[in-house]
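>>> Okay, sequence plus prediction incoming.
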Amino acid sequence: GEDVEQSLFLSVREGDSSVINCTYTDSSSTYLYWYKQEPGAGLQLLTYIFSNMDMKQDQRLTVLLNKKDKHLSLRIADTQTGDSAIYFCAAPFSGGYNKLIFGAGTRLAVHP
Amino acid sequence: EPEVTQTPSHQVTQMGQEVILRCVPISNHLYFYWYRQILGQKVEFLVSFYNNEISEKSEIFDDQFSVERPDGSNFTLKIRSTKLEDSAMYFCASSGDRYEQYFGPGTRLTVT
């Protein structure tokens, strides 16, 4: 079945770029998602990319998709302290849409 | 901006008791979901619901669980006889087009 893996922790200096990586196993994944969770809050849909794209840019966020290697990354430019959160990668199970499979989440710590 | 709401934010119950977790999805959305996150573990899919019926459920979603859309605005998850291992954060999500799932802030369920 589908599995999604992420590194658990990333620490960056304020103003630098952050790159959060994710790998997934199901090559039939149609869309791939990034969610953000701030302390005590729910999962906020940050952005997503359709599987026939290799890049999507949305203000400070850039999503890169390498379909051959089943690798997804989220780049945050000019990282701010407000970006400190847990970032989850998610992929739909077996190419469908209903059931999202989540990675364990990457905790991003931004320090001055 | 419309958002998914959930009540209560925290529910404490005794083992064996029934609980109902409530969600108000985004108003024009047609697809509804429940996920849960046990402390320290990944977010897991429980069930999806469309057109007044379950469209998909995971193996976690056994006979102790049920979902209902009792009126045009609420979506509920009932756990008939809670167990200690049901303690988790429960997230409701809704989608208008199946591609984007918007999550609520979650209900923390503690079973004692």
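Noted; the coordinates are in hand.
>>> alpha carbons only for contacts and neighbour counts from here, please
Noted.
>>> Now chain B against chain A: closest residue?
Nearest to chain A in chain B, going by Cα to the nearest Cα, is B:Pro105, at a distance of 3.7 Å.
>>> Now for the residue nearest to that residue when sequence neighbours are not counted: which residues touch it?
Distances taken as Cα to Cα, 6 or more residues apart in numbering or on different chains put A:Gly42 closest to B:Pro105, at 3.7 Å, once the chain neighbours are dropped. For A:Gly42, the contact set (Cα atoms under 8 Å, 6 or more residues apart in numbering or on different chains) comprises B:91, B:103-106.
>>> Of the residues you listed, which belong to strands?
B:91, B:103 (DSSP state E).
>>> Which one (most neighbours) among the contacts of A:Gly42?
Neighbour counts for these (other Cα atoms under 10 Å in any protein chain shown) peak at B:Gly106, which has 30 neighbours.
>>> which residues sit in contact with the residue of chain B closest to chain A?
Counted by Cα under 8 Å, 6+ apart, B:Pro105 has contacts A:40-43, B:4-6, B:9, B:91.
>>> quick one: the most centrally placed residue in chain B from A:Asp16, how far?
Centroid-nearest residue in chain B, with Cα atoms, centre = their mean: B:Trp34, separated by 3.5 Å. To A:Asp16, B:Trp34 is 36 Å away according to Cα to Cα, to the nearest Å.
>>> and chain B, which residues reach chain A?
B:41-45, B:47-48, B:56, B:91, B:98-106 (Cα under 8 Å from any Cα of the partner chain).
>>> Only whichever of those residues are buried, select them in PyMOL.
To isolate the buried subset of the residues of chain B next to chain A in PyMOL, counting by 16 or more other Cα atoms under 10 Å in any protein chain shown, use the following:
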select buried, chain B and resi 42+43+44+45+47+48+91+99+100+101+102+103+104+105+106
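>>> Return the subset of the residues of chain B next to chain A lying in helices.
Within these, no residue falls in helices by DSSP state H.
>>> Within its sheet, name the partner strands of the helix or strand bottoming out on mean pLDDT in chain B and how each one runs.
Lowest by mean pLDDT, DSSP states H and E among the helices and strands of chain B is strand B:53-57, with a mean of 93. Strand pairing for strand B:53-57, determined by DSSP bridges: strand B:43-50 (antiparallel).
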